[in-house]
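Engineer: Here is a sequence together with a model predicted from it:
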Amino acid sequence: MIWNEKIECMDPEDLKNLQAERLAETIRYVYDNNKLYRSRMDVAGLSPQDIRRMEDLKKFPFTTKEDLRDSYPFDMFSVPMDQISEIHVSSGTTGNPTVVGYTRADIELWSEVMARVLGCAGARPGDMIQIAYGYGLFTGGLGFHYGAQKMGLAIIPTSSGQTKRQLKIMNDFRPRVIGCTPSYMLYMVDEARELGMDLRNSSWEVGIFGAEPWSNSMRDEIEQIWNLQATDIYGLSEMIGPGVAQECCHKDGLHIFSDVFFPEIIDPLTGKEVLPGEKGELVITTFTKKGIPLLRYRTRDIVSINYEKCACGRTSPRISKIMGRTDDMIIVRGINVFPSQIEHVLLSIEGTQPHYQLIVDRRSGELDELEVQVEVDGKIFSDEIKKLRVLEEKIHREIESVLGVMVKVKLVEPRTIARSEGKATRVIDKRTI
Amino acid sequence: MKIRQVSVFLENRKGRLYEVCSLLGENNISIRALNVAESDDFGILRMVLDKPEDAEGLLREHNFTANFTDIVAVEVEDRPGGLAEILRVLSENDVNVEYMYGFVEKNEDKALLVFRFEKPDEAIACLAENKIRIVGRQDIIGL
């Protein structure tokens, strides 16, 4: 179903006018309420009156993840704390995580875009949904929750993990909709077979999978095994969490809700806009968001965009599946991992050098595995096994607590970690996505 | 009285032990005693060498992680109960042994053992007091 037909199928000219109107409001709002944007506009000699058409947006500098990190924890908030209703946290590139705050109105907006997601994927009011995304600081679980409430679904908030219980609930309650990471969907296969379940007769008919990159071949596998419609969702906590874009039943790109998340696709090196269909970095400006409105935010995700009307009737532009990143971030089990976080941990442990490498692998039917290889140099080496084991354990514990994802730590000989042009290759991704 | 032991970090990888030994052999450094301690994915090769100083630069040049520790080599009667006698002395005097291993060769009818003590100086005093013979560096080179 189309949740908000008026907006989602709006005439392109009308949509442009709506966007221009909202842009002007947004600029006025950030100028009045956000210290960083106000000073940037003052420096650039821009005043809110200068912004009349969508083209004027290009006069603004980009906003980056670093801007958010530097304003840790609350400096990017455009409202006082007494108007904040909810706070979520995601990992940052170094040290400080990224903190996002939602007003009541933002939560309402989140509910609205997630209701559109659910409709776009094939859910209908009255359906039962199993939400197997993590609930907590991660935006996945609660984002789905709000959208499902808005649409009027029966929610089973299983959160992530506890596979046997997930399967029993599916089997006994018969939910029609499932939301989880695509790799978890495959991970559940073995367990379900062990329990003697008939996978093609599962109650799930609609799957909304995201929080990590996945391919069309993975989609085929999931659809084949579970006999359901597997759709891709896109989002990032800086924008709102899940709910930025979603595939419809035609699975030909993700509809980006451009009345709220205005997309530009740029060449990451020059910052110039690329043509529709060409690969580039997705840059988003938020409209009507109050807690953390962002102008021209660099997502670091590589996509292409298609402005043609979709067969489903929606006029909102479609972005491709994520084709890569402009930085070295990797996503492991739905968690963002930056190599610099590991570097930070190693530097904080006395004696250890930041010589390390990350190996990510995904064996068929298994969850992603992250191995951190740490070079042992003369400073930390000991002739006693127990001392090295204690060190290994300490590195292990601290990395897991910083990343929030399970890792394997392996001590390796120095200089075995391949260096290319003097710069270490930090990540070896063996996953076939 | 103390002897320098050379320890080398080894990944659990095929041929790694061979590489260290052949490097030492090619450079005419002789291994007098040797022991490998292993964990799941790495090992520590500990050696008593005739020329530990030469080995230091050589190993570093070849990108091995190595370090040096003081160990104590002790002469043990090569008969039943010979080692037990020494361990009894150490135990009665509260001297902690981190690990120990034997020499490849013998000194007449005496066996040679390497001890890594938590506190080597206290251990040496204790052994000397109990008339247990400690072997010096010269003795080892001469083996």
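Structural biologist: Looks like it arrived, so ask away.

Engineer: Tell me where chain B has helices.
Structural biologist: According to DSSP state H, chain B carries its helices in the segments B:16-26, B:52-61, B:82-92, B:120-129, B:137-141.

Engineer: Could you tell me the backbone phi and psi angles at residue A:163?
Structural biologist: Here the main-chain torsion angles of residue A:163 (degrees, to the nearest 10) amount to phi -60, psi -40.

Engineer: which intervals of chain B have sub-threshold pLDDT?
Structural biologist: Of all residues in chain B, those with pLDDT under 70 make up the ranges B:106-107, B:141-143.

Engineer: Pairing partners for the closest residue to chain A within chain B in the sheet, please.
Structural biologist: Nearest to chain A, among the residues of chain B, is residue B:7, at 3.7 Å (C-beta to the nearest C-beta). For glycine as for every other residue, the C-beta is placed from the backbone atoms N, C-alpha and C. Applying DSSP bridges to residue B:7 yields these beta-bridge partners: residue B:46, residue B:67.

Engineer: Measure how buried it is and give me the count.
Structural biologist: Close neighbours of residue B:7, defined as other C-beta atoms under 10 Å in any protein chain shown, add up to 22.

Engineer: show me what contacts it?
Structural biologist: Residue B:7 makes contacts with A:381-383, B:44-47, B:66-69, as judged by C-beta atoms under 8 Å, 6 or more residues apart in numbering or on different chains.

Engineer: With residue A:112 instead?
Structural biologist: A:4, A:150 are the contacts of residue A:112 under C-beta under 8 Å, 6+ apart.

Engineer: cool, the one 10 residues further on as well?
Structural biologist: By C-beta under 8 Å, 6+ apart, the residues touching residue A:122 are A:1, A:177, A:205-206, A:229, A:231, A:249.

Engineer: per the record, what domains does chain B have?
Structural biologist: Listed domain ranges for chain B are B:3-68, B:70-141 (source: automatic domain parsing).

Engineer: can you pull the pLDDT of residue A:95?
Structural biologist: Reported pLDDT at residue A:95 in the predicted model: 61.

Engineer: Counting neighbours, what do you get for residue 34?
Structural biologist: As the question left the chain open, I've gone with chain A. Taking other C-beta under 10 Å as the neighbour definition, residue A:34 ends up with a count of 22.

Engineer: try again with chain B
Structural biologist: Applying the criterion other C-beta under 10 Å, we find 19 residues in the vicinity of residue B:34.

Engineer: Would you confirm that it contacts residue B:24?
Structural biologist: No. In terms of C-beta atoms under 8 Å, residue B:34 does not count as a neighbour of residue B:24; the distance is 10.3 Å.

Engineer: In the stretch 51-200 of chain A, which residue sits closest to chain B?
Structural biologist: Taking C-beta to the nearest C-beta as the measure, the stretch 51-200 of chain A has residue A:187 as its residue closest to chain B, at 24.6 Å.

Engineer: Quick check: which helices or strands does the helix or strand harbouring that residue pack against?
Structural biologist: Taking DSSP states H and E as the criterion, residue A:187 maps to helix A:182-194. Judged by 3 or more C-beta pairs under 8 Å, 6 or more residues apart in numbering or on different chains; DSSP states H and E, the packing partners of helix A:182-194 are helix A:163-173, strand A:206-209, helix A:216-226.

Engineer: Return the most buried member of these.
Structural biologist: Across those, the average number of neighbours (mean count of other C-beta atoms under 10 Å in any protein chain shown) peaks for strand A:206-209, which reaches a mean of 24.

Engineer: hmm, who's touching that one?
Structural biologist: A:117-118, A:121-123, A:127, A:144, A:176-182, A:185, A:222, A:226, A:228-233, A:246.

Engineer: from these, which ones fall inside strands?
Structural biologist: Secondary structure from DSSP state E places A:177-180, A:229-233, A:246 of the contacts of strand A:206-209 in strands.

Engineer: By neighbours, which of the residues you listed wins?
Structural biologist: For those, counting by other C-beta under 10 Å, the largest number of neighbours falls to residue A:179: 32 neighbours.

Engineer: picking that back up, would you mind checking the contacts of residue B:7 for buried ones?
Structural biologist: For these, a burial check counting by 16 or more other C-beta atoms under 10 Å in any protein chain shown picks out A:381-383, B:44-47, B:66-67, B:69.

Engineer: Out of those residues, which comes closest to residue A:331?
Structural biologist: Each of those was checked against residue A:331 using C-beta to C-beta; the closest is residue A:381, at 33.6 Å.

Engineer: Quick check: that closest one vs residue A:103, distance?
Structural biologist: When distance is defined by C-beta to C-beta, to the nearest Å, residue A:381 is 53 Å away from residue A:103.

Engineer: and if you look at residue A:387?
Structural biologist: Counting by C-beta to C-beta - residue A:387 and residue A:103 are separated by 52 Å.

Engineer: out of everything not next to it in sequence, what's closest to residue 116?
Structural biologist: This is for chain A. Residue nearest to residue A:116 in three dimensions, not counting chain neighbours: residue A:3, with 4.6 Å by C-beta to C-beta, 6 or more residues apart in numbering or on different chains.

Engineer: ah, I was thinking of chain B
Structural biologist: In space, residue B:116 comes closest to residue B:98 once its chain neighbours are excluded; the distance is 4.3 Å by C-beta to C-beta, 6+ apart.

Engineer: my guess is that neighbour contacts residue A:382, does it?
Structural biologist: No. Here residue B:98 does not reach residue A:382: they are 10.4 Å apart, not a contact under C-beta under 8 Å.

Engineer: could you list every residue that touches the residue of chain A found nearest chain B?
Structural biologist: With C-beta to the nearest C-beta as the measure, residue A:383 is the residue of chain A nearest to chain B, at 3.7 Å. Applying C-beta under 8 Å, 6+ apart to residue A:383 gives the contacts B:5, B:7, B:44, B:46, B:67, B:69, B:116.

Engineer: Looking at those, which one is closest to residue A:392?
Structural biologist: The nearest one, if we look at those relative to residue A:392 and count by C-beta to C-beta, is residue B:44, at 12.8 Å.

Engineer: want to try TSV for the domains of chain B, with distance to residue A:34 as columns?
Structural biologist: Below are the domains of chain B laid out as TSV (distance: least, C-beta to C-beta, whole Å):
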stretch	distance to residue A:34
domain B:3-68	50
domain B:70-141	61
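
Engineer: thinking again about what came up before, more crowded one of residue A:387 and residue A:103?
Structural biologist: Using other C-beta under 10 Å as the criterion, residue A:387 and residue A:103 rank with residue A:103 on top: 19 against 14.

Engineer: And the pLDDT for that one?
Structural biologist: pLDDT recorded at residue A:103 is 98.

Engineer: ok now do it, which residues does it touch?
Structural biologist: The contact partners of residue A:103, by C-beta under 8 Å, 6+ apart, come to A:79, A:83-85, A:290-291.

Engineer: among these, which ones are buried?
Structural biologist: A:79, A:83-84, A:290-291.

Engineer: which parts of chain B sit against chain A?
Structural biologist: With C-beta under 8 Å from any C-beta of the partner chain as the criterion, chain B comes near chain A at residues B:5, B:7, B:9-11, B:37-39, B:41-42, B:44, B:46, B:63-67, B:69, B:98-99, B:116.

Engineer: tell me, how many neighbours does residue B:57 end up with?
Structural biologist: Applying the criterion other C-beta under 10 Å, we find 9 residues in the vicinity of residue B:57.

Engineer: Can you list the low-confidence ranges for the stretch 301-433 of chain A?
Structural biologist: Using pLDDT under 70, the flagged stretches of the stretch 301-433 of chain A are A:351, A:354, A:415-424, A:433.
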